[in-house]
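[1] what's the 3D shape of this:
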Amino acid sequence: MRGKIYHSNSEDATIKIAQEFVQTLSNGNIVCLHGVLGAGKSVFARACIRALCGDPALIVPSPTFTLVQMYETSNFPLWHFDLYRLENPQEIYEIGWEEALSDGVLFIEWAEKLGDLRPSSVLNIQFAIENDRRTLSIS
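    Just a heads-up that it's a prediction; the model follows:
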């Protein structure tokens, strides 16, 4: 699935891509989600979290205000960071960054806000919108 481009014409299609994507993940993976507001990053992250937790009805709130939400799966902890409101990269240490890096899978929206603290070994997913169609480029 890595190194591929996917097209989505709906939220359901984005969810299916996410459900397929999580099959490739293992403990220690860091997934950085890039794209403009409304491109589908949160829809994708929620679908991944629900699939990894094995609960399609799981309530997955946006961590926009808390900056991070943590979930337990049967295999590893799962961290969902939304750094849109992060003002200084150093603030990440106040919300469990080091603990998250030590064990689990991380989904990071707005990873560019980390600056030099962004890990070097990550999976990047770029979300783009063109005429109501989303393009997801996974690398």
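[2] helix/strand/coil for the residue nearest in space to the middle of the chain?
    With distances taken as C-alpha atoms, centre = their mean, Phe107 lies nearest the centre of the chain, 3.0 Å away. Counting by DSSP: H, G, I helix; E, B strand; the rest coil, the backbone at Phe107 sits in strand.
[3] who does it bridge with?
    For Phe107, the beta-bridge partners are Val31, His80 (DSSP bridges).
[4] can you pull the pLDDT of it?
    On pLDDT, Phe107 comes in at 97.
[5] Next: the one 3 residues further on.
    Confidence per residue is given as pLDDT, and for Trp110 that number is 94.
[6] That one contacts Leu83, correct?
    Yes. Trp110 is within contact range of Leu83, at 4.2 Å (criterion: C-beta atoms under 8 Å). For the C-beta atoms, the positions are set from N, CA and C on the backbone; glycine is no exception.
[7] burial of Ile129, as a residue count?
    Neighbours of Ile129 under the rule other C-beta atoms under 10 Å: 15.
[8] any idea whether it is helix, strand or coil?
    Ile129 - assigned by three-state DSSP - is strand.
[9] and the nearest residue to it once chain neighbours are set aside, how many neighbours does it have?
    Spatial nearest neighbour of Ile129, chain neighbours left out: Ala39 (5.4 Å); criterion: C-beta to C-beta, 6 or more residues apart in numbering. For Ala39, the tally of surrounding residues (other C-beta under 10 Å) stands at 19.
[10] Check for me that Ala39 belongs to a helix.
    No. Ala39 is assigned coil when assessed by three-state DSSP, not a helix.
[11] Let me see the contact set for it.
    Phe127, Ala128, Ile129, Arg134 (C-beta atoms under 8 Å, 6 or more residues apart in numbering).
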